[in-house]
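Student: Here you go, sequence then predicted model.
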Amino acid sequence: TKHHIMRGHTDSLSFLAWSPDDSQILTCSTDHLVKLWHVQTGECVRTFDQHTDHVTACAWFPDGKRFVSGGLDKNIFLLDTDGREHRRWHGARVNDIAVSHDASTMIAICSEKKIQNIIRLYNLIDNTEDAICETDSITSLCLAADSRHLLVSISTQDIHQWDLKEKKIVQKYRGQKQGRFVIRSCFGGNNQSFVISGSEDCQVFIWHRERGQLLESLSGHCGTVNSVSWNPKDPHMFASASDDKSIRIWRTNKSLKATS
């Protein structure tokens, strides 16, 4: 059931993120704005207007008081929920963004001119920057709980798991279809032992994280599955969201057979 309908943006929404304590939501829009909402009341608490083009992604810091937002204006802003701007980085268009669980590192997927395969690493402690180049265009990212491993979805229908410390790909996952849309993937299960992804062929795919073995391809949706999310409290439950206007909640048994 719908709890609140939050209205205030004047154009389509591109991204949203729950605060760590689940009391607030950040929304990013093509209207160049980031908005902060109170979950219980549905009230817009604050509007951030630093960006001058589409805002593509945002990520909370673990303290729930600060966040970063990135956009097509080639800016990343570090802001707090009171509206203060603490820092700005300028350089390349931002497609996706994440902050490590110890708040020491920010990771951004960037595109520069015709190059869309750059993973940028920002050390927030000593203010240094580094970069990793992928083989093809990157559409989205997901940072593991250990903050060392990163999933990136590639336009060539691969998902790569990177070891950010060693700066190398440690596993590849194949089977899902991706070409026209942004398809998101994530880690999940006990000890994040699995990788899950949506797909343009209406299915949900699950792989063994270490071995890269495809374990399940789940049907049920009748449209592109754009996003998946594993329940952070229940290692046997995950959700999928699709163009068919439905969200399915799935539960796995011990042998990883999933039913919705």
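Tutor: Cool, the structure landed. Computed from a predicted model, the values in this text were never measured in an experiment. Numbering: from 1, shown residues only.
Student: ok, which stretches of the stretch 101-250 of the chain are strands?
Tutor: 105-112, 115-123, 128-133, 138-143, 149-154, 158-163, 168-174, 185-188, 194-197, 204-208, 214-218, 225-230, 237-242, 247-252 (DSSP state E, counting those that start in this stretch).
Student: Single out the most deeply packed of those.
Tutor: Among the strands of the stretch 101-250 of the chain, the stretch with the highest mean neighbour count (mean count of other CB atoms under 10 Å) is strand 194-197, at a mean of 27. The C-beta positions use only the backbone N, C-alpha and C, and glycine is treated the same way.
Student: That one packs against which elements?
Tutor: Applying 3 or more CB pairs under 8 Å, 6 or more residues apart in numbering; DSSP states H and E, we find strand 194-197 packed against strand 158-163, strand 185-188, strand 204-208, strand 225-230.
Student: Paired strands for the second one, with orientation please.
Tutor: So that's strand 185-188. In the sheet, strand 185-188 lines up against strand 194-197 (antiparallel) (DSSP bridges).
Student: Tell me how far stretch 180-187 lies from the chain's centre.
Tutor: Relative to its chain's centre, stretch 180-187 lies at 8 Å (CA atoms, centre = their mean, to the nearest Å).
Student: now do stretch 161-173
Tutor: Per CA atoms, centre = their mean, the centroid offset for stretch 161-173 relative to its chain is 17 Å.
Student: circling back: quick one: the helices and strands packed on strand 194-197 as a markdown table, columns for mean pLDDT and distance to Ser147 too.
Tutor: Formatted as a markdown table, the helices and strands packed on strand 194-197 follow (pLDDT from 0 to 100; distance: least, CB to CB, whole Å):
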| stretch | mean pLDDT | distance to Ser147 |
| --- | --- | --- |
| strand 158-163 | 95 | 11 |
| strand 185-188 | 92 | 12 |
| strand 204-208 | 95 | 21 |
| strand 225-230 | 86 | 17 |
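Student: Please identify which of the ones you listed is closest to Arg148.
Tutor: strand 158-163 (6.4 Å; CB to CB).
Student: in its sheet, what does that closest one sit against?
Tutor: Using DSSP bridges, the strands paired with strand 158-163 are strand 149-154 (antiparallel), strand 168-174 (antiparallel).
Student: and that strand, how far from the chain's centre?
Tutor: Distance, stretch centre to chain centre, for strand 158-163: 14 Å (CA atoms, centre = their mean).
Student: Can you tell me what sits against that strand?
Tutor: Residues outside strand 158-163 that contact it (CB atoms under 8 Å, 6 or more residues apart in numbering) are 119, 132, 134, 136, 148-154, 168-174, 176, 185, 195, 197, 209.
Student: try stretch 230-246
Tutor: Outside stretch 230-246, the residues within contact range by CB under 8 Å, 6+ apart are 186-190, 194, 196, 198, 202, 204, 221-229, 247-253, 258.
Student: try it again with 6 Å
Tutor: Applying CB atoms under 6 Å, 6 or more residues apart in numbering, the contact partners of stretch 230-246 are 186, 188-190, 204, 221-229, 247-252.
Student: Equivalent analysis for stretch 185-201, please.
Tutor: Contacts to stretch 185-201, defined as CB under 6 Å, 6+ apart, come from residues 142, 144-145, 151, 153, 159, 173, 176-178, 183, 205-207, 209, 224-228, 230, 235, 238.
Student: That stretch: end-to-end distance?
Tutor: Terminal residues of stretch 185-201 lie 15 Å apart, using CA to CA, to the nearest Å.
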